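**Q** Return a 3D structure for these sequence lines:
(one chain, ligands or ions: 1)
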Amino acid sequence: MDTLSRLEATIASRRNADPASSYVAQLNHRGLAVMARKLGEEAVETITAALAGEREELVGEAADVLFHLMVLLGAKDVTLAEVLAELDRREGTSGLAEKASRSE
Ligand SMILES: N=c1c2ncn([C@@H]3O[C@H](COP(=O)(O)OP(=O)(O)OP(=O)(O)O)[C@@H](O)[C@H]3O)c2ncn1[C@@H]1O[C@H](COP(=O)(O)O)[C@@H](O)[C@H]1O
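**A** Sure thing, here's the model as predicted:
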């Protein structure tokens, strides 16, 4: 199993744990708005690291984004497989061609 699949399974198994002993459970307990806000905060920190930080900071912030994205997807019952299937569907279609098709 790859890293993101293992993380997805871990998050699913921790979701209903005791919030006192699990950060994933704590986030689920605090609700969707908090999870969404955390993802936004980590995205902003990633941007800051990319523009003004060290390479190591960017790696850490990118990991935080992926973790908080996986937590949010789990809470919405969206699977990693669905997201990967969407990326597979897009494979080979240039972003520029897709953009042009929307403005027709
Ligand atoms: N990959 C992660 C992971 N990445 C980041 N984080 C946590 O995400 C938080 C990052 O947010 P911040 O730096 O803003 O921390 P903070 O300000 O204290 O957070 P808040 O109080 O605002 O929520 C930190 O507490 C990190 O420890 C993670 N917490 C857990 N995991 C994985 O999830 C698993 C289950 O964790 P628990 O649910 O805690 O057992 C772990 O074994 C890991 O595999």
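**Q** How far away from the center of its chain is the host helix or strand of Ala50?
**A** In the assignment (DSSP states H and E), Ala50 maps to helix 32-52. In this view, helix 32-52 has its centroid 10 Å away from the chain centroid, taken as CA atoms, centre = their mean, to the nearest Å.
**Q** Could you name the helices and strands sitting against that helix?
**A** Counting by 3 or more CB pairs under 8 Å, 6 or more residues apart in numbering; DSSP states H and E, the packing neighbours recorded for helix 32-52 are helix 23-30, helix 55-75. For every residue, glycine as well, the C-beta is placed using N, CA and C.
**Q** and that helix, average pLDDT?
**A** On average, the pLDDT along helix 32-52 is 98.
**Q** Ok, stretch 8-27 next?
**A** Along stretch 8-27, the predicted local confidence has a mean pLDDT of 97.
**Q** Now do that stretch: everything it contacts.
**A** Residues from elsewhere that reach stretch 8-27, judged by CB atoms under 8 Å, 6 or more residues apart in numbering: 1, 28-29, 34-35, 38, 70-71, 73-75, 79-80.
**Q** among those, which ones are buried?
**A** Buried members of the contacts of stretch 8-27, scored by 16 or more other CB atoms under 10 Å, are Asn28, Met35, Lys38, Met70, Val71, Leu73, Gly74, Ala75, Leu80.
**Q** Could you pull up the residues touching the third one?
**A** Yep, that's Lys38 we're talking about. For Lys38, the residues meeting the contact criterion (CB under 8 Å, 6+ apart) are Leu27, His68, Val71.
**Q** Much appreciated, bye for now.
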